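**Student:** Predicted coordinates and the sequence they were generated for:
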Amino acid sequence: MLWCGTVTQQTAHKNTMVICVLGRYLLKSSLCSRSWCRKSSLYSAGHGFQPEEIREKLRAYPGGAVDLLTQGDTGLAVLTVNNPSRMNAFSGAMMVELEERVSQLESWTQGKGLIVRGAAGTFCSGADLNAVRAMSNPQDGMKMCMFMQDALTRLQRLPLVSVALVEGRALGGGSELSTACDFRLMAPDSVIQFVHKHMGLVPGWGGAARLVRLVGDRHALRLLGGALKVDPELGLRIGLADGVLEEGAPQDGDEGVALRQAEEWLSRYTKGPAEVIRAAKRVVSSGRELPLTEALRAEKEVFGTVWGGEANLRALAGKTKHK
Ligand SMILES: CC[C@H](C(=O)O)C(=O)SCCNC(=O)CCNC(=O)[C@H](O)C(C)(C)COP(=O)(O)OP(=O)(O)OC[C@H]1O[C@@H](n2cnc3c(N)ncnc32)[C@H](O)[C@@H]1OP(=O)(O)O
């Protein structure tokens, strides 16, 4: 790794800038050599995880879509679970599309923030029960479980600040999807409910592991054991919700109101150079997932990608005090 030292002369400054940019490029390319952040899967063939075989099986259950809109000017993206006739339940084909959208976002190097929402004013009612019935044998269930755990873990690890915009209901797998985002914003009348118990199940898309980390083991056990309906007040109290949208439901079906509120909320945490915002998410991800020593080493590597970087040098050259 090239060290980007401080410089005194203007010419040296330019050379150092070039060296720093090159050094950071070399660092970034090595940064995600660590399994925890690169696009590798949680599972391997040894676990019976054959992604292409599973995709083919899931595509046999069509319906709905997972739409993605990226905004180059703001660095914000909106991912919409779109199956309104089924309360945005995930068909098998939508599970495959979700993974495809996550892959697109993994390649979006200028991305800073992500809003995950549902169409038609409701979030997501989990897996499509018709698909669930058709895949109820243990082998298919395990394959769907590994596929969705992998896709949602990769979504959570994106170097973008993500927020679930929860309107209406987030049930079952829908509640699990909300936990794969960094934050959750809830509409005043919305509900997050881990209904799995009523299905004779427990979460299978990674929602239990993430819920314990979000709210602690005791609240997690209450939500799973009791299939409790989490409204915004309870969500804020236990730390599952990070904000509540203002009253004043969308007028005349203007779904945009909630989305605009979510964009404004998220922009507080994504304003600034993309490389800095993405680095912030990376160091938090490593702190969230790794043992301390490894997290410190990962932090050092990420720090090296911004130390002496354009944003850093610009800030150092500037005279502005930070409010
Ligand atoms: C690991 C994930 C886990 C798993 O895969 O094991 C799951 O996520 S399993 C699924 C867990 N989700 C549920 O159990 C929710 C089931 N749905 C409901 O409880 C209700 O539909 C509700 C509360 C979402 C909405 O109720 P409401 O009365 O407002 O509307 P309807 O029930 O009439 O629903 C409208 C329409 O949508 C269909 N629908 C809703 N949810 C699903 C779903 N998960 N899969 C398939 N279809 C769903 C519902 O059948 C209605 O269709 P219609 O043709 O009009 O009967």
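**Tutor:** That came through fine.
**Student:** Tell me the residues of this structure that contact the ligand?
**Tutor:** Selection of the chain residues close to the ligand by CB under 6 Å from any ligand atom yields 86-87, 89, 125-130, 132, 169, 171-173, 195, 199, 201, 203-205. To be clear about C-beta, it is placed using only N, CA and C from the backbone, and glycine gets the same treatment.
**Student:** go again using 8 Å as the cut-off
**Tutor:** 85-87, 89-90, 122, 125-132, 141, 144-145, 148, 169, 171-174, 176, 195-196, 198-199, 201, 203-205, 207 (CB under 8 Å from any ligand atom).
**Student:** Let me know how buried residue 117 is, in neighbour terms.
**Tutor:** Per other CB atoms under 10 Å, the neighbour tally for residue 117 reads 25.
**Student:** so how far is the ligand from it?
**Tutor:** According to CB to the nearest ligand atom, to the nearest Å, residue 117 and the ligand sit 16 Å apart.
**Student:** Over to that residue: give its phi and psi.
**Tutor:** phi -140, psi 170 (degrees, to the nearest 10).
**Student:** partners of the closest residue to residue 76 other than its chain neighbours in the sheet?
**Tutor:** In space, and not counting its chain neighbours, residue 76 is closest to residue 113: 4.5 Å by CB to CB, 6 or more residues apart in numbering. Listed beta-bridge partners, residue 113: residue 76, residue 161 (assigned using DSSP bridges).
**Student:** I'd say residue 113 and residue 79 touch.
**Tutor:** No: taking CB atoms under 8 Å as the definition, residue 113 is not a contact partner of residue 79, at 11.3 Å.
**Student:** Quick check: neighbours shared by the two?
**Tutor:** Contact criterion CB atoms under 8 Å, 6 or more residues apart in numbering; residues shared by residue 113 and residue 79: none found.
**Student:** show me where pLDDT drops low in the protein?
**Tutor:** Applying pLDDT under 70 to the chain flags the ranges 1-40, 248-255, 319-323.
**Student:** quick one, helices of it?
**Tutor:** With DSSP state H as the criterion, the chain has helices at 10-31, 51-59, 92-106, 129-134, 138-156, 173-179, 207-215, 217-225, 232-238, 256-267, 274-289, 292-306, 310-317.
**Student:** Show me what counts as buried in the last one.
**Tutor:** Applying a neighbour-count criterion of 16 or more other CB atoms under 10 Å, the buried positions in helix 310-317 are 312, 313.
**Student:** which other helices and strands contact that helix?
**Tutor:** helix 10-31, helix 274-289 (3 or more CB pairs under 8 Å, 6 or more residues apart in numbering; DSSP states H and E).
**Student:** about what we covered before: CSV please, covering the helices of the chain and showing distance to residue 247.
**Tutor:** As requested, these are exported to CSV (distance: least, CB to CB, whole Å):
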stretch, distance to residue 247
helix 10-31, 43
helix 51-59, 39
helix 92-106, 31
helix 129-134, 33
helix 138-156, 30
helix 173-179, 21
helix 207-215, 25
helix 217-225, 25
helix 232-238, 11
helix 256-267, 11
helix 274-289, 30
helix 292-306, 40
helix 310-317, 38
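**Student:** most packed of these?
**Tutor:** Of all those, helix 173-179 carries the top mean neighbour count, a mean of 29, counting by mean count of other CB atoms under 10 Å.
**Student:** mind exporting that helix as CSV, just the C-alpha atoms?
**Tutor:** Output in CSV follows, covering the C-alpha atoms of helix 173-179 (Å, rounded to 0.1, in the frame of the first residue of the first chain):
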residue,chain,number,x,y,z
GLY,A,173,-40.5,-12.6,5.4
GLY,A,174,-41.5,-8.9,5.0
SER,A,175,-40.6,-8.2,8.6
GLU,A,176,-37.3,-10.0,7.9
LEU,A,177,-36.7,-7.9,4.9
SER,A,178,-37.1,-4.8,7.0
THR,A,179,-34.4,-6.0,9.4
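**Student:** got the contact list for it?
**Tutor:** Applying CB under 8 Å, 6+ apart, the contact partners of helix 173-179 are 81, 88-90, 116, 118, 123-127, 148, 152, 164, 166, 170, 184, 192-195, 203-207, 210-211, 214, 240.
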